[in-house]
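Enquirer: Give the three-dimensional model of this entry:
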Amino acid sequence: MFTALPDTDLFLPGCYRDRRFSPAEGTWKDKKTLTELCGPVLEWCTPCPFRAQCIRQVQPHPKRFDGVCGGRLWLDGQVIATASGADDADLPLPGKPRITCGTTAGAAGHQSRGEQQCPACAALIAAEAERAIAEVSVAA
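Expert: Numbering: from 1, shown residues only. Purely as a prediction, here's the structure:
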């Protein structure tokens, strides 16, 4: 699936230079068209054991990447779809804590930057999920 380039730590996945994973500018015009072009190959990333390495190598967020990388569909460096089975542990760790960490805005910020959730934001998301389950149980 991946082959190492001699004397480097760069890897070439089987999807390397496959235009279905990263269509050229001008072949799509908006989120819908990019999703139609790349969506069918997104699930190819599900069994790939190198999703995290792919994200580290391509750096989709800082490079404002458009296409499939690491089990996610990216548009302008933002995740717009995720393959089933892709784990947030594949994503880069967040940088230094921000003022908004531990808030809904902070959790959304990690998502928009294509990062793992920091512990404060992960705890908030877990608490919100538990609260939503409790509200459904009470309403039923």
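Enquirer: Helices along this structure, start to end?
Expert: Under the criterion DSSP state H, the chain contains helices at 31-42, 51-58, 104-112, 119-139.
Enquirer: now for the longest one, which elements pack on it?
Expert: Just to be clear, that refers to helix 119-139. helix 104-112 (3 or more CB pairs under 8 Å, 6 or more residues apart in numbering; DSSP states H and E). (Each C-beta comes from the backbone N, C-alpha and C, glycine too.)
Enquirer: The second one too?
Expert: Under the contact definition 3+ CB pairs under 8 Å, 6+ apart, helix 51-58 sits against strand 11-13, strand 67-69.
Enquirer: mind giving me TSV with those strands and columns for mean neighbour count?
Expert: What follows is the helices and strands packed on helix 51-58, written out as TSV (neighbours: other CB atoms under 10 Å):
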stretch	mean neighbour count
strand 11-13	16
strand 67-69	26
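Enquirer: now those strands in JSON lines, with mean pLDDT and distance to residue 133?
Expert: Compiled in JSON lines, these are given as follows (pLDDT from 0 to 100; distance: least, CB to CB, whole Å):
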{"stretch": "strand 11-13", "mean pLDDT": "71", "distance to residue 133": "38"}
{"stretch": "strand 67-69", "mean pLDDT": "94", "distance to residue 133": "33"}
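Enquirer: returning to what we had before: and of the helices of the chain, who's closest to residue 87?
Expert: With CB to CB as the criterion, residue 87 lies closest to helix 51-58 of the helices of the chain, at 7.7 Å.
Enquirer: Buried residues, that closest one. List them.
Expert: In terms of neighbour count (16 or more other CB atoms under 10 Å), helix 51-58 has its buried residues at 51, 52, 53, 54, 55, 57, 58.
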